[in-house]
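**Q** Predicted model and sequence below, questions to follow.
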Amino acid sequence: MKLLLKRLAQLIGFLALVLVLAVAALHWYQPKVPLVVLPPPKPISGAAVFYNQAFASMPELSAEDKKLLKIKPSEPMDMEAAKQLVTKCDTSLQLVAQGTMQPQCEWGLNLSLGPAMPGTHFSKGLELAKLLAVRARLHFAERNGLAATDDLLLMFRFARHLSEPALIIGNLVKISTDACAINLAAHFLQDFDLISLQRLSEGISTLPPSHSMQEAMALDSKTFVAYLCNLLAPKYAREAQQSSHQSSKEEAYHQDEETLAKSIIAASPTLYLFTVHKYKQKSHELEKLMGMPYVEARSNIEAFEKNLKKEPLQKPFLDIWSCLALPSIVPTRLKEVQTEAAWTVLRTALDAQIHNPSSVCGELAKLRDPYDGGPIEMRDVPGGVELKLKSEPYRKPMTLMVGLAGK
């Protein structure tokens, strides 16, 4: 019995020694993954100045007003209520038009705040974009195709400014705005005269390029790492940010980044290993998946999301931060590729309507569905043809109605 107790004591001592050595190893281990310190926010300038004025001028919307913003092109709309709403928000809509004429848009965001960064302009911007859609529909009802075209182009330009810089939430707002305008333009295709069709086609061709979800994932990753730096070592983060504010030279940022990385790793290497390093691994994997054609990456995307949902239950508590911070890739990426397909539908329909209106259906039938690479499902509906883009079994497919004369 004494021998057993002696061996048990020896075993406990050995395990305690191993634990001490492991903690010491974690403390002295220097991870090789670099941290990121972002430059301080720039002053608000360009289009954002006009947009912020538009948000400030916008009256409080009633529940009935908000219902109008949700009405689909295929649904009836109370035209008198829509006119009153547009008139009430006229000042804000004029300011949006002035903003879209600016070549650049700087919102003055402090990206180092990560998920704590204020972003009220995203929701306000989406409301104003939908107001433009309501006004465009009023113009269609008045047979004013040119005015409707101008509002649609305003929506597209406004959406690109709302997605600056390339953050995932801004990209989703841009995608929602684009989808709303595309749906409206396609539905009322037969109501455009030739001049309006040409103006819309030319306006679309001159839009500035959009940010991809892959770009947005890369920037979101940088902002979240900076956010984690502030959480893990607030003292060092504050010192680095103050230092970067004192100097506008680019070299200072690189110096601050190196100093902050060393300070945080030295102060809490265990936190760094379980949080920052893990997050960067997963975000890089996700970034690659977002850059692949959806039909090729679909199975990998589904597997990635399933594994991510399991990991918080299987890994240490600190890993949960990393998993929860990553976006849900299936709906995010699918929404992007479906909107890209909707763009292709609109451009194809516009081109056919301009050159040979009777060829619209034939040209649309040649298009492919980004979900599986097969043909897009089409069926005749009153007033035109409906296209249905496939989706995951548990998600609604995206539908787009193209209006055709004589249907």
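**A** Looks like it arrived, so ask away.
**Q** low-confidence ranges in the protein?
**A** Along the chain, segments meeting pLDDT under 70 span 1-37, 232-274, 311-325, 405-407.
**Q** how does it look with 50?
**A** 26, 237, 240, 243-255, 313, 317-318, 407 (pLDDT under 50).
**Q** The residue nearest to residue 106 when sequence neighbours are not counted: how many residues sit nearby?
**A** Spatially, and ignoring its direct neighbours in sequence, residue 106 is nearest to residue 45 (4.6 Å; Cβ to Cβ, 6 or more residues apart in numbering). To be clear about C-beta, it is placed using only N, CA and C from the backbone, and glycine gets the same treatment. Counted with other Cβ atoms under 10 Å, the neighbours of residue 45 add up to 13.
**Q** Now do the strands in the stretch 51-200 of the chain.
**A** 105-106 (DSSP state E, counting those that start in this stretch).
**Q** could you pull out the helices for it?
**A** Remark: helices assigned in the stretch 51-200 of the chain by DSSP state H, counting those that start in this stretch are 63-70, 79-88, 90-100, 120-141, 145-162, 168-187, 194-205.
**Q** For residue 107, find the nearest of these.
**A** helix 120-141 (6.3 Å; Cβ to Cβ).
**Q** What is that closest one packed up against?
**A** Packing partners of helix 120-141 (3 or more Cβ pairs under 8 Å, 6 or more residues apart in numbering; DSSP states H and E): helix 47-57, helix 63-70, helix 79-88, helix 90-100, helix 145-162, helix 168-187.
**Q** change it to 6 Å
**A** Here helix 120-141 touches helix 79-88, helix 145-162, helix 168-187, going by 3 or more Cβ pairs under 6 Å, 6 or more residues apart in numbering; DSSP states H and E.
**Q** what sits up against the second one?
**A** Counting by Cβ atoms under 6 Å, 6 or more residues apart in numbering, helix 145-162 makes contact with 47, 96-97, 100, 105, 125, 129, 132, 135-136, 139-140, 170, 173-174, 177-178, 181, 185, 192-193, 196, 199-200, 203, 207-208, all of which sit outside it.
**Q** What's the PyMOL line that selects buried ones from these?
**A** Burial among those is assessed by 16 or more other Cβ atoms under 10 Å; the matching PyMOL selection reads:
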select buried, resi 47+96+97+100+105+125+129+132+135+136+139+140+170+173+174+177+178+181+185+192+196+199+200+203
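**Q** Any chance of the helices and strands packed on helix 120-141 in TSV with distance to residue 58 as columns?
**A** Shown next, in TSV, are the helices and strands packed on helix 120-141 (distance: least, Cβ to Cβ, whole Å):
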stretch	distance to residue 58
helix 79-88	9
helix 145-162	14
helix 168-187	16
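**Q** Around residue 231, how many other residues sit close by?
**A** 16.
**Q** mind checking how far it is from residue 279?
**A** To residue 279, residue 231 is 12 Å away according to Cβ to Cβ, to the nearest Å.
**Q** Likewise for residue 373?
**A** When distances are taken as Cβ to Cβ, residue 373 and residue 279 turn out to be 33 Å apart.
**Q** Between those two, which is the more surrounded one?
**A** Using other Cβ under 10 Å, the more surrounded residue of residue 373 and residue 279 is residue 279, with 21 against 11.
**Q** Give the helix, strand or coil label for that one.
**A** Secondary structure, DSSP: H, G, I helix; E, B strand; the rest coil: residue 279 is helix.
**Q** picking up where we left off before, got the phi/psi numbers for the residue nearest to residue 106?
**A** phi -160, psi 170 (degrees, to the nearest 10).
**Q** bridging residues for residue 400?
**A** When assigned by DSSP bridges, residue 400 has beta-bridge partners residue 387.
**Q** Would you confirm that it contacts residue 387?
**A** Yes: the criterion here is Cβ atoms under 6 Å, and residue 400 meets it with residue 387 at 4.8 Å.
**Q** which residues are in contact with stretch 184-201?
**A** Under the criterion Cβ under 6 Å, 6+ apart, residues 73, 133, 136, 140, 145-146, 149, 152, 346, 349-350, 353-354, 400-405 lie in contact with stretch 184-201.
**Q** can you check stretch 375-394 too?
**A** Here stretch 375-394 makes contact (Cβ under 6 Å, 6+ apart) with 338, 341, 361, 367, 369, 371, 397-404, 407.
**Q** Just the buried subset of these, please.
**A** 338, 341, 361, 367, 369, 371, 398-404.
**Q** Could you identify the most distant pair in the contacts of stretch 375-394?
**A** Greatest spatial distance among the contacts of stretch 375-394 (Cβ to Cβ): 371 and 407, at 26.6 Å.
**Q** what's the neighbour count on the residue lying closest to residue 104 once chain neighbours are set aside?
**A** Excluding the flanking residues, the one nearest residue 104 by Cβ to Cβ, 6+ apart is residue 46, at 4.3 Å. The local packing of residue 46 (other Cβ under 10 Å) involves 16 other residues.
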